[in-house]
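J.: got a sequence here, can you build the structure:
(one chain, ligands or ions: 1)
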Amino acid sequence: MIKIAVIPGDGIGKEVVAEGLKVLKKIEQLANVSFDFQEYPFGADHYLKTGETLPDWAIEEFRNFDAIYFGAIGDPRVKPGVLEHGILLKLRFSLDLYINLRPVKLYHPRLTPIKGKEKIDMIFVRENTEGLYAGAGGFLRRGTPQEVAIQEMINTRYGVERAVRFAFEYAKKTGRKKVTLVDKANVLTYAHDLWQRVFAEVSNDYPEIETDHYYVDAMAMKMIRSPEIFEVVVTPNMFGDILTDLGAEIVGGLGLAASGNIHPGRVSMFEPVHGSAPDIAGKGIANPLAAILTASLMLEHLGLDKAAHMIEKAVARVIEENKVTPDLGGSLKTNEVGDAVVEALEVLWDEEG
Ligand code: ATP
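T.: Residues are numbered from 1 along each chain as shown. Next comes the predicted model:
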């Protein structure tokens, strides 16, 4: 029995998680596994009713699960930052989810705005707890003309090494042949010098895997010009944040972008990259494929490789047949796309035997 905590959250989070669960329930039948889903109410409604974002007892409870399946949070009635800090960042830091894993995969050539690209299939390993996002810094003489604002970039050897090692391990596990480091060591001559040295050291343990390197500015260009050359990319927190949004756009946008917040060997959290999208919530037009691909990423992490792979194939099939929501040029509703994926999954599973 695989224990999964489910936090649908707010807005379209609820709508797309429902479709992800539909697909996971079909996997239970097809793959002969069982999931024990336990749903939690955290999000804007719960906060407005109780004043609670994410209590400590819930974090403790989550430690006993195999994974957390998360929708999205954010609501116009709640001040920006309250739910993000109180729920998402709290989960990330309390559970030490030090990897943000984000695939950038083109499921159909018509989805990319880059002319003539057929194949894009890279995955970002973004360090998720340090760098400029560690929250270290402060103000001096705040609000005066002499104000000083400092935000420190934290890079520990421990933190860098575990991220880099994850990237090589992931490449090895999934049969990918190359790991690319993206940094800005030519300017950040201390912090990213550490990244370069650690990368070189760790790569010695993986002689079968090729290595490559780009400065982040060159990477932004290269991702448009030749995205097909990348396989696994490892990068510090802020660059990962920015480049993965660029990545999402070159393969079809937010409606398809999946992510995992991972601590290998411990409970990890899987969420679509998009937010709660209040502008389209309740209309039944949210694209559930990001949430469904997120479920696939979660199953891969849990070692259910075949099920994960088959969900991806089913998603590719519905995209090919244009059984998609308006953001991808189709006319189906959220739940109809979920049904189409379930149907495709059944057919493909049958075909593969
Ligand atoms: P956040 O501030 O957390 O990023 P947001 O709700 O402001 O959240 P997103 O939800 O990330 O923004 O998305 C921005 C816009 O992209 C939405 O307003 C919506 O129009 C569109 N969008 C996002 N996700 C989807 C989706 N799954 N299906 C269709 N459109 C989407």
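
J.: in the chain, which residue sits closest to the ligand?
T.: For the chain and the ligand, the shortest gap (Cβ to the nearest ligand atom) falls at Gly275, measuring 2.0 Å. (Glycine included, C-beta is placed from N, CA and C.)

J.: from what I see, that residue and Gly71 are in contact.
T.: No. Taking Cβ atoms under 8 Å as the definition, Gly275 is not a contact partner of Gly71, at 9.8 Å.

J.: more neighbours: which of these two?
T.: Comparing Gly275 with Gly71 by neighbour count (other Cβ atoms under 10 Å), the higher total belongs to Gly71, at 26 against 18.

J.: note down every partner strand of the helix or strand where the more buried one lies and its orientation.
T.: Applying DSSP states H and E as the criterion places Gly71 in strand 67-72. The pairing partners recorded for strand 67-72 under DSSP bridges are strand 2-9 (parallel), strand 268-272 (parallel).

J.: quick one: the residue nearest the centre of the chain and Pro103, what's the gap?
T.: By Cα atoms, centre = their mean, the chain has its centre lying nearest to Ser259, at 1.3 Å. Distance of Ser259 to Pro103, given as Cβ to Cβ, to the nearest Å: 8 Å.

J.: shared neighbours, these two?
T.: The contact sets of Ser259 and Pro103 overlap at Leu297 (Cβ atoms under 8 Å, 6 or more residues apart in numbering).

J.: related to what we said a few turns ago, what secondary structure does the residue nearest to the centre of the chain sit in?
T.: Per DSSP: H, G, I helix; E, B strand; the rest coil, the local secondary structure of Ser259 is strand.

J.: what does this protein have sitting close to the ligand?
T.: Residues of the chain found near the ligand (Cβ under 6 Å from any ligand atom) are 12, 16, 74, 254-255, 274-280, 286-287, 290, 327.

J.: need the max-distance pair from the residues you listed.
T.: The largest separation in these, counting by Cβ to Cβ, is between Gly74 and Asp327 at 18.1 Å.

J.: who has more neighbours, those two?
T.: Using other Cβ under 10 Å as the criterion, Gly74 and Asp327 rank with Gly74 on top: 22 against 16.

J.: I figured that one hits Gly86, correct?
T.: No. Using Cβ under 8 Å, Gly74 is not in contact with Gly86, being 11.7 Å away.

J.: re earlier: make a PyMOL selection of the buried ones in the residues of the chain next to the ligand.
T.: This is the PyMOL syntax for the buried subset of those, where burial follows 16 or more other Cβ atoms under 10 Å:
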select buried, resi 12+16+74+254+255+274+275+276+277+280+286+287+290+327
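
J.: just the residues of the chain next to the ligand: which are in strands?
T.: In strands, judged by DSSP state E, none of the residues of the chain next to the ligand are found.

J.: so which of the residues of the chain next to the ligand sit within helices?
T.: Under the assignment DSSP state H, those contribute Ile12, Val16, Ala290 to helices.

J.: quick check, nearest of these to Asp339?
T.: Among those, and counting by Cβ to Cβ, the member closest to Asp339 is Val16, at 13.8 Å.

J.: look up the closest residue to that closest one, ignoring the ones flanking it.
T.: Of all residues beyond its chain neighbours, the one nearest Val16 is Ala291 (3.7 Å), with distances taken as Cβ to Cβ, 6 or more residues apart in numbering.

J.: just Pro227 next, same as before
T.: Ile120 (4.5 Å).

J.: so the one you found touches Gly252, yeah?
T.: No. Ile120 is beyond contact range of Gly252, at 10.0 Å (criterion: Cβ under 8 Å).

J.: give me the common contacts of these two.
T.: Counting by Cβ under 8 Å, 6+ apart, the residues touching both Ile120 and Gly252 are Leu106, Thr112.

J.: which ones are touching the residue nearest to Val16?
T.: Residues in contact with Ala291 (Cβ under 8 Å, 6+ apart) are Val16, Val17, Glu19, Gly20, Gly71, Ala258, Pro272.

J.: same deal with Phe199?
T.: Counting by Cβ under 8 Å, 6+ apart, the residues that Phe199 touches are Val164, Leu181, Thr211, His213, Val234.

J.: out of the residues you listed, which end up buried?
T.: By 16+ other Cβ under 10 Å, the contacts of Phe199 give Val164, Leu181, His213, Val234 as buried.

J.: can you redo these as TSV with distance to Asn128?
T.: Listed next are those as TSV, based on distance: Cβ to Cβ, whole Å:
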residue	distance to Asn128
Val164	13
Leu181	16
His213	21
Val234	12
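
J.: which stretches of the stretch 51-200 of the chain form helices?
T.: Taking DSSP state H, counting those that start in this stretch to define them, one finds helices in the stretch 51-200 of the chain at 56-62, 82-83, 90-94, 157-174, 191-203.

J.: for Ala307, find the nearest of these.
T.: helix 157-174 (15.1 Å).

J.: tell me how far the closest one lies from the chain's centre.
T.: Taking Cα atoms, centre = their mean, to the nearest Å, one finds the center of helix 157-174 at 16 Å from the center of the full chain.

J.: what helices and strands are in contact with it?
T.: If contacts are counted by 3 or more Cβ pairs under 8 Å, 6 or more residues apart in numbering; DSSP states H and E, helix 157-174 sits against strand 99-105, strand 121-127, strand 178-183, helix 191-203, strand 232-235.
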